[in-house]
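Asker: please find the sequence and the predicted model below.
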Amino acid sequence: MQSPNPSRAILLTITAIICFGIMDVAVKAVSPATGTLPALWARYAGQMLIVLILIAPRLRQVVRSRYPKLQIARSVLLMLATFFFFLALGHIGLAEATAVMALNPVLITLGGALFLGETLGPRRIGAIAAALVGALIIIRPGTDVFQPAALLPLVAAFCFASYTLITRRVGPDEDVWTSLFYTGLIGSVIISGLVPFHMTVPTFNSIALLGVIGIFGTMGQLMLIRALSQAEAGLLAPFNYVGLITAVIWGLLLFDEWPDAPTLIGALVIAGAGIYVWHRETRAN
C-alpha cells in the first residue's frame, strides 16, 4: 500500500491531465482521416504493447489482481469514457468538448463522499463550486455548445467519474501496473474485434498521430493511477480542470479556435480554485 502524499498526487494529476490533453489533440487531428475507432484502438493497443514490454519479466505477478471484477468494470468504464469523448471531438471544438467533460470532478467529489466515505469539507466544496462556476462561464448554457453532440462528453464525464472512483477504491491495494494491464487488455481486445470494419489505409502522418495517442494515453493513465493511490479522489478532482486550460491553449495554437473573454475568465477562475486547494491541503500536511 502506498503512503498518502497529497502534494505528489496533485503534481501527478496535473501531469496526467497534460498528457491526456496532448492525446486529445492527436485524436482531433487524426479523426477526420481515420475515424474514431482506429484512434480508440491506438489508445488501448498502444497501452497494451507498452505495458507488456515493461512488465514482461513479472507478467504472472502483475496479472494477479485482488479485485478482478472491479478491474474489469473500471476498464470498461474508461473505454466507454474515451470512446464518447473521442467521438465528440469529431463533432465539436476541443475547448467545448473539454468544457462539458469538466463536469466530472463534481461527480467524482460527490461520489467519493457517497460511496468511498471521503470527507467533503468546506474547502473542497468551495473549490469545486468555484471551478464549476468557471466551467459554466466557459460553457455558457444556451450557446452552440449545447448541441446534441455536446451530450457525448457529458456521458463520458459520468463514465470517467465512475472509473475514477473504482480506481481510487482499488488503488492503495493494487499494483499500478496491474491496473494498467487490465485497462489496456480489456480495451484492446474489445476494440480489435471492431476496428477492422472501420479501418482505412493510414498515411505516415496518421500513423505518427496514432502513435502519439498510444504513448501519451499510457503515460497519463499511469500517472493518474499513481495519484489516486496516494490521495483521495475528492482532493484531486479540482485539478481535472487544468484540462480546460490546456484545451483552450491547444485549440488556439493548432486549430485556430480563438477563446473569447468569458472563456479566459472561466479558465482563471478554475486555475484559482485548483491552486487554492493545493495550497491549503499541502500546508495541512
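Answerer: That came through fine. Because the structure is a prediction, the values reported are computed rather than measured.
Asker: please spell out which residues along the helix or strand harbouring Ala99 are buried.
Answerer: Element membership of Ala99 [criterion: DSSP states H and E] is helix 94-101. Residues Leu94, Ala95, Glu96, Ala97, Thr98, Ala99, Val100, Met101 are the ones in helix 94-101 that count as buried (16 or more other Cβ atoms under 10 Å). Placement of C-beta: from N, CA and C, glycine included.
Asker: format the CA atom coordinates belonging to that helix as PDB.
Answerer: Provided in PDB are the C-alpha atoms of helix 94-101 (Å, rounded to 0.1, in the frame of the first residue of the first chain):
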ATOM      1  CA  LEU A  94     -11.600  20.800 -28.400                       C
ATOM      2  CA  ALA A  95     -12.300  23.500 -25.800                       C
ATOM      3  CA  GLU A  96     -16.100  23.000 -25.900                       C
ATOM      4  CA  ALA A  97     -15.800  19.200 -25.500                       C
ATOM      5  CA  THR A  98     -13.400  19.600 -22.600                       C
ATOM      6  CA  ALA A  99     -15.600  22.200 -21.000                       C
ATOM      7  CA  VAL A 100     -18.600  19.800 -21.000                       C
ATOM      8  CA  MET A 101     -16.400  16.900 -19.800                       C
END
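Asker: I'd like the average pLDDT over that helix.
Answerer: Across helix 94-101, the average pLDDT comes to 80.
Asker: so which bits of the next helix or strand along the chain from that helix are buried?
Answerer: Following helix 94-101 in sequence order, the next helix or strand is helix 104-115 (DSSP H and E). Buried residues in helix 104-115, counted by 16+ other Cβ under 10 Å: Asn104, Pro105, Val106, Leu107, Ile108, Thr109, Leu110, Gly111, Gly112, Ala113.
Asker: so what touches the next helix or strand after helix 104-115?
Answerer: Counting by DSSP H and E, the next helix or strand C-terminal to helix 104-115 is helix 122-139. Outside of helix 122-139, the residues within contact range by Cβ atoms under 8 Å, 6 or more residues apart in numbering are 95-96, 99-100, 102-103, 105-106, 109, 145-146, 234-235, 237-238, 241, 244, 262-263, 265-270, 272-274, 276-277, 280-281.
Asker: quick check, Ala42 in contact with Thr218.
Answerer: No. Ala42 lies out of contact with Thr218 (Cβ atoms under 8 Å); the separation is 10.7 Å.
Asker: next one: Ala81 relative to Ala129, how far apart?
Answerer: Distance, Ala81 to Ala129, by Cβ to Cβ, to the nearest Å: 24 Å.
Asker: helices of the stretch 101-250 of the chain, residue ranges please.
Answerer: 104-115, 122-139, 151-170, 176-192, 204-228, 233-236, 242-254 (DSSP state H, counting those that start in this stretch).
Asker: turn those helices into JSON lines, including mean pLDDT.
Answerer: Formatted as JSON lines, these follow (pLDDT from 0 to 100):
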{"stretch": "helix 104-115", "mean pLDDT": "76"}
{"stretch": "helix 122-139", "mean pLDDT": "78"}
{"stretch": "helix 151-170", "mean pLDDT": "86"}
{"stretch": "helix 176-192", "mean pLDDT": "89"}
{"stretch": "helix 204-228", "mean pLDDT": "89"}
{"stretch": "helix 233-236", "mean pLDDT": "74"}
{"stretch": "helix 242-254", "mean pLDDT": "85"}
